[in-house]
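>>> Generate a structure from the sequence data that follows.
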Amino acid sequence: MVSIAEAITTVKNNGTPLIKKCVKPIEKAGGYLLFEDINSPINMPPFRQSAMDGYALNRHDKLVYNLVGEIKAGDAFQPVLQPGEAVRIFTGAAVPDSANAVMMQEKVENHGKTIEIAHQIDLELNIRPLGEQVKTGDIALKKGTKLTPAAIGYLISLGITEVPVYKKPSIAIVTTGNELIEAGQPLSHGKIYESNSKMLLSALYNLKFYDVNLYKVEDDFEQTKSTLKTAINTNDLVLITGGISVGDYDFVGKALEDLNVKELFYKVAQKPGKPLFYGKKEATQIFALPGNPAAALTCFYVYVYIALQQMMNRDEVELPRIQAKSKSNFEKRGDRPQFLKAIYTDGTVEILEGQNSSMLQTFALSNALIYVPGDVMTISENDTVEVILLPL
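Okay, here's the model as predicted:
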């Protein structure tokens, strides 16, 4: 059995970036990291652009200008203005090459064929220059940039329709247990509805990992071994729920051994989630999570999350940890470190009732986990505690 710190270090030391390139349509590339630099195919803006509604001027030494036309956004009209001439212009419209300033409309009196400006104006004022954001051929976004909604919008504004990105991992979720049935079926005596796979699927989707394959096996050694072989050979990461303990019908450990999966650790000194397995076969990482739902989800956030972030070559691989004041009292049983389901709000955190590893009701209300070290037996109101913020 290893400590939490040893387990986290082991996952970090064995995780590697998934250096695979794929090309995504720009509208489906959110959350991905750029595989290479993106060079701009155009100037942005692609023309001298008015920054506001007003009047484009060819300046002279008087305050009165002859009005010779109008340019709306999208118009191709490009009059040649003589000194002392102006055109009505709107935000985003192309400023004529012969104009050298735009006066905002609030400082202009319109007399029909002429306008009068309130004061003299600086050259190029209120004109966005050609290529102000980026010039043709320059790097628009660098390799490794995360494609946020703003980044997506920026690249689309450059006319880019698809981007090379780091491929996200393919992930297998394998559930085991004869007692498990799908929701929607009649619940006969001795059966329970299987929730772990959909729970983990939802957690992965929430993190924008969508290449997920679901497998279900009965408590049968050969079927378990065959299914795990397929999952390991065809996915970058395998998550197994249940079957990792030492009961007569827990076949996962023996199947992994027969498949020559290298065990990196088995069992962690923590509560919940003690029977956690982590191993590798070639480049594929395998986590055998506890069958109890709350324990499985806790292990996902503490350990699996790290592996996923490393695969995506991200700098921050652990969930944020902060200090907060406890609003609750708590007494720990046993000397194992514990993760408590909690609600964090504005620097304070409330420990919830119902910390049993099989119970999801409390987890459903949580937005954080409190880490309680092994040598801390009690938490009192106003004590400072360590809080892990969950990505909800």
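>>> Between the two ends of stretch 85-98, how far is it?
By Cα to Cα, to the nearest Å, the extent of stretch 85-98 from end to end equals 10 Å.
>>> Mind listing what's buried along that stretch?
Residues of stretch 85-98 classed as buried: Glu85, Ala86, Val87, Arg88, Ile89, Phe90, Ala93, Ala94, Val95, Pro96, Ser98 (neighbour count, 16 or more other Cβ atoms under 10 Å). For glycine as for every other residue, the C-beta is placed from the backbone atoms N, C-alpha and C.
>>> Quick check: Ser197 is in a helix.
Yes: secondary structure assignment places Ser197 in a helix (DSSP: H, G, I helix; E, B strand; the rest coil).
>>> Pretty sure it sits against Asn213.
No: applying Cβ atoms under 8 Å, one finds Ser197 not in contact with Asn213, separated by 10.5 Å.
>>> Just put the buried residues of stretch 85-98 in TSV and tack on distance to Asp236 and secondary structure.
Formatted as TSV, these follow (distance: Cβ to Cβ, whole Å; DSSP: H, G, I helix; E, B strand; the rest coil):
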residue	distance to Asp236	secondary structure
Glu85	65	strand
Ala86	62	strand
Val87	59	strand
Arg88	59	strand
Ile89	54	strand
Phe90	51	coil
Ala93	50	coil
Ala94	49	strand
Val95	51	coil
Pro96	56	coil
Ser98	59	coil
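>>> could you pull out the helices for the protein?
Taking DSSP state H as the test, the helices found in the chain are 4-14, 149-157, 196-206, 221-234, 252-258, 293-299, 305-311.
>>> So which elements touch the last one?
This points to helix 305-311. Applying 3 or more Cβ pairs under 8 Å, 6 or more residues apart in numbering; DSSP states H and E, one finds that helix 305-311 makes contact with helix 4-14, strand 237-241.
>>> Give me the number of neighbouring residues for the closest residue to Lys267 other than its chain neighbours.
Leaving aside its chain neighbours, Lys267 sits nearest to Met1 (4.3 Å; criterion: Cβ to Cβ, 6 or more residues apart in numbering). A count of neighbours around Met1, defined by other Cβ atoms under 10 Å, yields 13.
>>> wait, Met1 sits on Gln270?
No: here Met1 lies out of contact with Gln270, judged by Cβ under 8 Å, at a distance of 9.5 Å.
>>> what does the model give the residue nearest to Lys267 for pLDDT?
Per-residue pLDDT puts Met1 at 93.
>>> need the contact list for it.
Tyr266, Lys267, Val268, Ala269, Lys274 (Cβ atoms under 8 Å, 6 or more residues apart in numbering).
>>> are any of these buried, and which?
Tyr266, Val268, Ala269, Lys274.
>>> can you put those in CSV and add distance to Ile343 and pLDDT?
CSV is the format used below for the buried ones among the contacts of Met1 (distance: Cβ to Cβ, whole Å; pLDDT from 0 to 100):
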residue, distance to Ile343, pLDDT
Tyr266, 32, 96
Val268, 25, 98
Ala269, 26, 97
Lys274, 25, 94
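>>> Can you pick out the most distant pair from these?
Tyr266 and Ala269 (12.0 Å; Cβ to Cβ).
>>> In a markdown table: the contacts of Met1, plus distance to Phe287.
Formatted as a markdown table, the contacts of Met1 follow (distance: Cβ to Cβ, whole Å):
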| residue | distance to Phe287 |
| --- | --- |
| Tyr266 | 11 |
| Lys267 | 13 |
| Val268 | 11 |
| Ala269 | 17 |
| Lys274 | 14 |
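>>> and of those, the nearest to Arg59?
Val268 (73.4 Å).
>>> Tell me how far Val2 lies from Phe277.
11 Å (Cβ to Cβ, to the nearest Å).
>>> Common neighbours of the two, please.
Phe265, Lys267.
>>> So those two - more neighbours on which side?
Phe277 (22 against 18).
>>> partners of that one in the sheet?
In this entry, Phe277 is beta-bridged to Tyr266, Ala288, by DSSP bridges.
>>> Use 650 as the first number from now on
In the new count, where the first residue is 650, that last one comes out as Phe926.
>>> out of the helices of the chain, deepest packed?
helix 942-948 (a mean of 26; mean count of other Cβ atoms under 10 Å).
>>> What mean pLDDT does that one get?
pLDDT averaged over helix 942-948 gives 94.
>>> What is it packed up against?
Helix 942-948 packs on helix 845-855, strand 933-938, going by 3+ Cβ pairs under 8 Å, 6+ apart.
>>> Export the ones you listed to CSV and append columns for mean pLDDT.
As requested, the helices and strands packed on helix 942-948 are exported to CSV (pLDDT from 0 to 100):
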stretch, mean pLDDT
helix 845-855, 94
strand 933-938, 97
